[in-house]
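Novice: A predicted structure for the sequence below; I have some questions about it.
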Amino acid sequence: MMEQKPTCPHCERTKERTDEERSALINRLSRIEGQIRGIRGMIERNAYCPDILTQVAAATAALNSFSRSLLSEHIRTCVKEDVRQGRDESIDELLGMLQKLMR
């Protein structure tokens with residue numbers, strides 16, 4: 001796994017993804033983005049609150065599913081490789097991420 005130069009000033013590391021992995025992640029995010037736009041449209045049309053909340057719950061579930069999938073892949077690749085190479089700080093980083101996700 002070859003590391004690339006960070007794409008933003010706050011990032012220290014990057015993740016090499018296949019075109020297929022990248023495309024799958026982007027497609028999932030695009031669907032979620034569409035759900036959010038749909039919710040906005042419901043607000044603009046003065047839709048009934050429970051109908052909006054149902055769509056919010058669906059978007060939240062989709063985003064949570066995306067997070068679980070990304071976290072699972074991170075553990076299987078990045079964390080696994082770091083631990084094999086003796087970089088145990090990756091475990092602390094993982095624990096911090098889990099705390100944020102479980103809020």
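Specialist: Sure thing, it's come through.
Novice: so who does the closest residue to R28 other than its chain neighbours touch?
Specialist: Excluding the flanking residues, the one nearest R28 by C-beta to C-beta, 6 or more residues apart in numbering is F66, at 5.2 Å. (Each C-beta comes from the backbone N, C-alpha and C, glycine too.) Going by C-beta atoms under 8 Å, 6 or more residues apart in numbering, F66 touches L25, R28, L29, I32.
Novice: list the contacts of the residue positioned nearest the centre of the chain.
Specialist: Per C-alpha atoms, centre = their mean, the C-alpha nearest to the average position across the chain is that of S67, at 3.9 Å. If a contact means C-beta under 8 Å, 6+ apart, then S67 has L101 as its contacts.
Novice: regarding it, which helix or strand does it belong to?
Specialist: helix 49-74 (DSSP states H and E).
Novice: can you mark which positions in that helix are buried?
Specialist: By 16 or more other C-beta atoms under 10 Å, the buried positions in helix 49-74 come out as I52, Q55, A59, A62, H74.
Novice: about what we covered before: among the contacts of F66, name the buried ones.
Specialist: The neighbour count (16+ other C-beta under 10 Å) marks R28, I32 as buried among those.
Novice: secondary structure, pLDDT and distance to E44 for the contacts of F66 - can I get that in CSV?
Specialist: Converted to CSV, these look like this (DSSP: H, G, I helix; E, B strand; the rest coil; pLDDT from 0 to 100; distance: C-beta to C-beta, whole Å):
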residue, secondary structure, pLDDT, distance to E44
L25, helix, 96, 29
R28, helix, 97, 25
L29, helix, 98, 22
I32, helix, 98, 19
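Novice: nearest to L94 among the contacts of F66?
Specialist: Nearest to L94 out of the contacts of F66 is L25 (C-beta to C-beta; 19.0 Å).
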